[in-house]
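Asks: Any chance you can model this:
(one chain, ligands or ions: 1)
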Amino acid sequence: MAAAGCGGSALSELPPGPGDPVRGESIAALAGGCGCHSAETGAPLSGGRALATPFGTFHSSNLTSDRETGLGAWTDDEIDAALRRGRLPDGSMESPVMPWYQYAGMADADARDLIAWMRTLEPVRRERSEDETFLPRLAFRAWALLFAPPLPEAPEEAPTEPLARGRYLVKHVSICGDCHTPRGIFGAPDSDLELAGHSGILPDDGVVPNITPDRATGIGDWDLDDLVSVLEMGMLPNLDSVSGLMAEVVDGVHGAPGYGRAPLEDLRAIAGYLRTVAPIPHAVREAKDNES
Ligand code: HEC
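Replies: Numbers count the residues shown, from 1 in each chain. As a prediction, the model looks like this:
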């Protein structure tokens, strides 16, 4: 078990050998194209997006291979430590806005291939803006120790059996819960309401629906194909399109891949797993309507 925030281990957690950028692109698609790292303007994944949280506004980092402002000068192990452990090369921790504690369960081979894909991104020079937060950087180390959910063990290879694969993708690659699970006061996901939605603060002040199979408040009356259509095309059963952040992860931002470009059997695995999670009655749309 790796202990979060306890300094770097010299041993690589990545499998030896070069990663496969083509497989990596499909991992990136399953990860919604890492869309938080794309801003409204500028090249995809060159960072600079402002992410508002109760703890201040954070600015995403440049993932392109520019040597000075991006990841061009980082080693694969340094990128991996940031992705799956929240550890930065200077020894500090990332802010919890970056869901490293969910990517922590990403398979070693998938992390290696995703990094190989990131290396193919055109280098784009873009300085990162300072975060506007009242928290000292040290607070992120404390957060990792005190509030981060227990870190999952990463398998060497991703599961292939459909149900296990769907669970793996939902939790550690596509991180549906990063948006669909409400957070407690310290910003950690509330595991009692996993995937049950919320009407909390979102950039566009929207509602994130309950995607557990509860019939009254979730998506219990959707069938497997309804779910696959949302992930593949952003199309809802009533033929409306999803908007906002969900549209971003489905379509990808500025030409980066999104769920819609992931292998169909993976989208089916995600949908199949979601139909097996415990239904949680949690009305988020009504709650929002009552507030206004
Ligand atoms: C970056 C944030 C984000 C991520 C990640 C995300 N979603 Fe969403 N999702 C949303 C938002 C916001 C909406 C509401 C969109 C709207 O109102 O048009 C939504 C809507 C949906 C809906 C429509 C539900 C309904 O009742 O209308 C489904 C189904 C869904 N998401 C499934 C998923 C699955 C499965 C994943 C992971 C594979 C996922 N989402 C990942 C933000 C996200």
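Asks: Any residue of stretch 93-110 touching the ligand?
Replies: No: if you take C-beta under 6 Å from any ligand atom as the test, stretch 93-110 misses the ligand, and the best it gets is 9.2 Å. (Each C-beta comes from the backbone N, C-alpha and C, glycine too.)
Asks: wait, stretch 183-198
Replies: No: Stretch 183-198 is not in contact with the ligand by C-beta under 6 Å from any ligand atom; minimum separation 8.1 Å.
Asks: next one: stretch 25-39
Replies: Yes: Stretch 25-39 lies within reach of the ligand by C-beta under 6 Å from any ligand atom, at residue 32.
Asks: Pull out the buried residues from that stretch.
Replies: Within stretch 25-39, the residues that qualify as buried are 25-39, counting by 16 or more other C-beta atoms under 10 Å.
Asks: same thing with stretch 112-126?
Replies: For stretch 112-126, by 16+ other C-beta under 10 Å, it's 112-119, 121, 123-124, 126.
Asks: what do you get for stretch 166-186?
Replies: By neighbour count with 16+ other C-beta under 10 Å, stretch 166-186 contains the buried residues 166-183.
Asks: Just flag the most distant two among the buried residues of stretch 25-39.
Replies: The distance between the two most remote of the buried residues of stretch 25-39 (C-beta to C-beta) is 24.1 Å, for 26 and 39.
Asks: Tell me how far the residue lying closest to residue 191 once chain neighbours are set aside lies from residue 190.
Replies: Closest residue to residue 191 apart from its sequence neighbours, by C-beta to C-beta, 6 or more residues apart in numbering: residue 149 at 6.9 Å. When distance is defined by C-beta to C-beta, to the nearest Å, residue 149 is 10 Å away from residue 190.
Asks: near the ligand, which residues of the stretch 101-250 of the chain?
Replies: 170, 174-176, 178-180, 206, 208-209, 211, 219, 227, 230-231, 236, 242-246, 249.
Asks: Fine by me, we can end here.
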